[in-house]
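Trainee: Any chance you can model this:
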Amino acid sequence: MASSNTGVSVPTWVVVSAGAASAPFTATIASGVTGTVTLTGTFNGISKSTGFQIASNSSGVTVSVSPGSTTINTNHTQQFKATVSGTTNSAVTWTVAGAGCSGGSCGTISSTGLYTAPPSVPSALNATVKATSQSDSTRYASANIQIAATYYIAPAAAGGSDANDGLSTNTPWRSPKHSVNCGDLIVAAPGAYDAQYFNVGSWGTVTCPAGNNVAWLQCAQFDACRISTNSMSAGMWIDRSFWGVQGWEVTTQKGGTEPTCFVVAPNWNTPVEVHHVILANNVANGCQSGGFSSANHPGMMVGVDYLTIVGNIAYNTTQGQGECFTGISVYAPIKSDSLPGTHIYLAGNFAWDNWDPDRCAGGPATDGEGMMFDELDASNQGLPTPYAGQVVADNNILIANGGPGLQVDHNNAGSGPWATVYTRHNTMWGNNHDLTLTWWGHGELLFGTVTNTHSLYDLGVTNLATGGGGHPVTGFTVLDSPGTTNSISNGWAYSASGTSAQALNSPGFSFASNTILGQAPLLANKVVPGVPSCGGYSNVTGCMATVIANFTPTNSAAKAYGYQKPSSTPVSDSLFPQWLCSVNNFPAGLVTMGCAK
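Mentor: The predicted structure follows:
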C-alpha cells in the first residue's frame, strides 16, 4: 500500500484472505491535513487506486459510489450509483479521468452515472469515475475501472480469419487462438462453427496476474453459436487456463471418433495444468462421450482445477459405445494450489436422458449418471496423491438418466488427505433407468467408496421400485463408505416402494435424524423433457422454466429441499467459489451469487 500524501499513513501491506476479493485496512490522517490523497495497492504487478478529498467536514456531507471497482470491456457500459448523506440535496456531478488517458479515451459518463467505455483500451488500462456532491464540492467518492478489450469471432464463411485483428465485426477472428488478458471479451457472431478451430491446441494464452478472472468466449445471442462434429475428439476442448465459454450449443455424432461435446483437459501432447475455467449457459445436445467433462492427463499429475460448470444443459450425451459416459463429469482432478475454499463447482445445471443401454462395448454398461465426481482419489489412475480440494454440486436438476442422478465415487483410497465434497439443494428424480446396471448402488443420490462427503437439502425421488439386477432404487444410497466422516442431513428422500434410503457395507454411517424419509414431496408434474429448444430465451434458466416448475414440490413442507430458483440478490455463502466474485461478464440468472460479506 502507498499514499500520495505524507500526512496520510497506510499499512505497507494488507493480507487478503484466500478466496476473498478485499480486506479492510485503516488509514491514519494527521491533524490539520487537507487536500487530495490517492491510495494505491499493488499485487503481482497490478495496481489499483482510489482517491478522496480530505477537508474539514463542517457540512457533514458524505458520498459513496457503487460499484467501488469493476472491469468494463471497450464499447460496453456500466451503471454507477452515488449515495449522498448529510444533506437533503442528493445530486452529484459525475466525471471520469485517468493517468493514461484524457477526454473520450477514458470513456464518458452521463449525468445519471452511466459510464461508457472507450472504443479502445487506454495505455494505462485504468480510469477513475468520480461523483462530487453538488451541495459541497469538497466531498466526493470515486471508483476504479479496469478497461478490458473486446474482440470478435465469426465463422470462416462470414469472414472469420485469424489473420484479422479481431477488433471489429468487420475483421473477426476465426478461433480463440490469440493471446488475450483476463477480463477481455471475445464476442462470437451467431452461426455454425467448425470444431477444429475450438479444439485442443486452438486456445490462446490468457495473461492473468491476479488469477481471479477469465477471458470470455461469448456468443452474441444465447444458443445461436453452434458446433457439430463427428471427426474431432470433442466439439470444444479447452486446454488452456483462464478461459470462460458462454452461450454455445454443441452436438456430436459417431464417426471416426466418439466426440465429447465440451471437454476441459490438458493437451495430451504438451500437458500443462488447466485451471480457472468456466462453462456457463451452454447446451450439450446429443453427444457421444459425455456432455461436459474434465479429465487429467492419463497417468500424470497434470489435470484440471478451479473448474466452474454452471447453468448448462446436458441432454442425451452418452451415445458412444467405446467407453462409458456421464452428462456432466469431473474425472480425477489435480490440485493447482493449496488454497482453501471451493475449487470445483457444478451448479444450476440440468441433465436428463443421459443413457444408452448399447454403450460400453466389450463389457456391461456403467455410468450414465446425470452428474458425477469420479476418481477424486485417483484410485484407478496409479497416481500418488488424491485430490484434496473442496468440490461442490449445488442446485442442479438431474432426471431420467441411466445411472444415479448424482454420484460421488472413489474418494477414500490411499492415505489422504482427500477432497471435501458437498452436494446441496439438488433435485433428482426418475434416474437409474438403465437395467443393464446390476450393481447395488441404485440411488437417486449415490455416495460410493467415499470419505468427507456431505449432503445438505438434497431431494431424491424414485419412479422405479427396482433397477438392474432387481435391486431396490432409493432416494439416497451410501455404498462402501464406512466411518463417520460422511453425512446426509436435512435431506428428503422418497420411494413409493418403501425403500427411501439405504446404507450398504458402510459401518459407522447413519442418516441424520433431520433427514425426511418416506414422505412424498408431491412434485408438481413429473414429465421428462424432450430435446432442448432454447431459441428465443436469454439463458438456460429461462429455457428450463417449465422443467423447474414441474419438479417443484407441491408439499409445502418439501419446498426448502432440492432446486431453488436463483436470486438476483447476492448472499453470503461459504460454499460459493469466491474467485468468481471478481469475474466480469459472468452471466446473470444462473446461480445465486454467494459474494455478499
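
Trainee: Would you map the strands across the stretch 351-500 of the chain?
Mentor: Using DSSP state E, counting those that start in this stretch, the strands assigned to the stretch 351-500 of the chain run over residues 371-374, 390-394, 397-399, 406-411, 420-424, 427-429, 443-450, 453-456, 459-461, 474-479, 487-489, 492-494.

Trainee: how about these in JSON lines, adding distance to residue 552?
Mentor: No exception for glycine: its C-beta is placed from N, CA and C like everyone else's. Output for the strands of the stretch 351-500 of the chain, formatted as JSON lines (distance: least, Cβ to Cβ, whole Å):
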{"stretch": "strand 371-374", "distance to residue 552": "19"}
{"stretch": "strand 390-394", "distance to residue 552": "17"}
{"stretch": "strand 397-399", "distance to residue 552": "10"}
{"stretch": "strand 406-411", "distance to residue 552": "18"}
{"stretch": "strand 420-424", "distance to residue 552": "17"}
{"stretch": "strand 427-429", "distance to residue 552": "8"}
{"stretch": "strand 443-450", "distance to residue 552": "16"}
{"stretch": "strand 453-456", "distance to residue 552": "19"}
{"stretch": "strand 459-461", "distance to residue 552": "10"}
{"stretch": "strand 474-479", "distance to residue 552": "17"}
{"stretch": "strand 487-489", "distance to residue 552": "22"}
{"stretch": "strand 492-494", "distance to residue 552": "13"}
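
Trainee: for those strands, which one sits closest to residue 116?
Mentor: Residue 116 lies closest to strand 390-394 among the strands of the stretch 351-500 of the chain, at 35.6 Å (Cβ to Cβ).

Trainee: Now residue 511: which helix or strand?
Mentor: Residue 511 belongs to no helix or strand when assigned by DSSP states H and E.

Trainee: That one and residue 488 touch, don't they?
Mentor: Yes: with contact defined as Cβ atoms under 8 Å, residue 511 and residue 488 form a contacting pair (5.3 Å).

Trainee: With neighbour numbers in mind, choose between these two.
Mentor: Using other Cβ atoms under 10 Å as the criterion, residue 511 and residue 488 rank with residue 488 on top: 27 against 20.

Trainee: Could you tell me which residues make contact with the closest residue to the more buried one other than its chain neighbours?
Mentor: Distance criterion Cβ to Cβ, 6 or more residues apart in numbering; nearest residue to residue 488, sequence neighbours excluded, is residue 455 at 4.3 Å. By Cβ atoms under 8 Å, 6 or more residues apart in numbering, residue 455 lies in contact with 422, 423, 424, 445, 447, 476, 487, 488, 489, 491.

Trainee: how about a cut-off of 10 Å?
Mentor: By Cβ atoms under 10 Å, 6 or more residues apart in numbering, residue 455 lies in contact with 393, 406, 408, 421-426, 445, 447, 476, 478, 486-491, 493, 511-512, 515.

Trainee: anything in contact with each of residue 511 and residue 488?
Mentor: 455, 476, 478, 501, 503.

Trainee: Quick one: these as TSV, columns for distance to residue 269 and pLDDT too.
Mentor: Converted to TSV, these look like this (distance: Cβ to Cβ, whole Å; pLDDT from 0 to 100):
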residue	distance to residue 269	pLDDT
455	40	98
476	43	98
478	41	96
501	46	97
503	45	96
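
Trainee: now the contacts of residue 455: which count as buried?
Mentor: 393, 406, 408, 421-426, 445, 447, 476, 478, 486-488, 490-491, 493, 511, 515 (16 or more other Cβ atoms under 10 Å).

Trainee: returning to what we had before: please determine how far the residue nearest to residue 488 is located from residue 229.
Mentor: Relative to residue 229, residue 455 is positioned 37 Å away (Cβ to Cβ, to the nearest Å).

Trainee: wait, which of the strands of the stretch 351-500 of the chain is closest to residue 545?
Mentor: Here strand 397-399 is closest among the strands of the stretch 351-500 of the chain (Cβ to Cβ), at 11.7 Å.

Trainee: So which elements touch the closest one?
Mentor: Helices and strands touching strand 397-399, by 3 or more Cβ pairs under 10 Å, 6 or more residues apart in numbering; DSSP states H and E, are strand 350-352, strand 427-429, strand 443-450, strand 459-461, helix 545-550.

Trainee: quick check: mean pLDDT across that strand?
Mentor: Here strand 397-399 scores 98 as its mean pLDDT.

Trainee: Any idea what residue 238 is bridged to?
Mentor: Under DSSP bridges, the beta-bridge partners of residue 238 are residue 264.

Trainee: start at 45 instead
Mentor: Will do, 45 is the new start, and the previous item becomes residue 282.

Trainee: ok, now how distant is it from residue 230?
Mentor: If you go by Cβ to Cβ, the gap between residue 282 and residue 230 works out to 13 Å.

Trainee: cool, residue 245 as well?
Mentor: For residue 245, the distance to residue 230 - Cβ to Cβ - is 17 Å.

Trainee: Give the residue from those two that has the larger number of neighbours.
Mentor: For the pair residue 245 and residue 230, the greater number of neighbours falls to residue 230 (24 against 13), based on other Cβ under 10 Å.

Trainee: tell me which element the more buried one is part of?
Mentor: strand 229-232.

Trainee: What's the first helix or strand after that strand?
Mentor: Next along from strand 229-232, by DSSP H and E: strand 235-237.

Trainee: residues of that next one that come out buried?
Mentor: Quick answer for strand 235-237 (16+ other Cβ under 10 Å): 235, 237.

Trainee: Neighbouring strands - and their directions - for that strand?
Mentor: The pairing partners recorded for strand 235-237 under DSSP bridges are strand 269-273 (parallel).

Trainee: In this structure residue 299 contacts residue 277, no?
Mentor: No: using Cβ atoms under 10 Å, residue 299 makes no contact with residue 277, being 11.2 Å away.

Trainee: Compare neighbour counts for the two and give me the winner.
Mentor: Neighbours per residue, other Cβ under 10 Å: of residue 299 and residue 277, the larger number sits with residue 277, 18 against 12.

Trainee: okay, how far is it across stretch 531-547, tip to tip?
Mentor: Start-to-end span of stretch 531-547 (Cα to Cα, to the nearest Å) is 11 Å.

Trainee: same deal with stretch 131-150?
Mentor: 31 Å.

Trainee: For the residue positioned nearest the centre of the chain, which three-state class applies?
Mentor: Among the residues of the chain, the one closest to the centroid is residue 352, at 3.3 Å (Cα atoms, centre = their mean). Three-state assignment for residue 352 (DSSP: H, G, I helix; E, B strand; the rest coil): strand.

Trainee: so what's it up against?
Mentor: 258, 288, 320-324, 386-391, 436, 621, 623-624, 627, 630, 635.

Trainee: roughly how far apart are it and residue 249?
Mentor: Distance from residue 352 to residue 249, by Cβ to Cβ: 20 Å.

Trainee: Pull out the buried residues from stretch 576-593.
Mentor: Buried-residue list, stretch 576-593, by 16+ other Cβ under 10 Å: 576, 578, 582, 583, 584, 585, 587, 588, 591, 592.

Trainee: Are we agreed that the third one is in a helix?
Mentor: In other words, residue 582. No: Residue 582: not assigned to a helix; according to three-state DSSP it is coil.

Trainee: mind checking how far residue 633 is from residue 584?
Mentor: As judged by Cβ to Cβ, residue 633 and residue 584 stand 9 Å apart.

Trainee: any residues in contact with both of those two?
Mentor: Contacts common to residue 633 and residue 584, judged by Cβ under 10 Å, 6+ apart, are 325, 355, 392.

Trainee: Count the residues that sit near the last one.
Mentor: Counted with other Cβ under 10 Å, the burial measure for residue 392 works out to 26 neighbours.

Trainee: Surely it is in contact with residue 415?
Mentor: No: using Cβ under 10 Å as the test, residue 392 is too far from residue 415 to be in contact (11.7 Å).

Trainee: Understood, closing this out.
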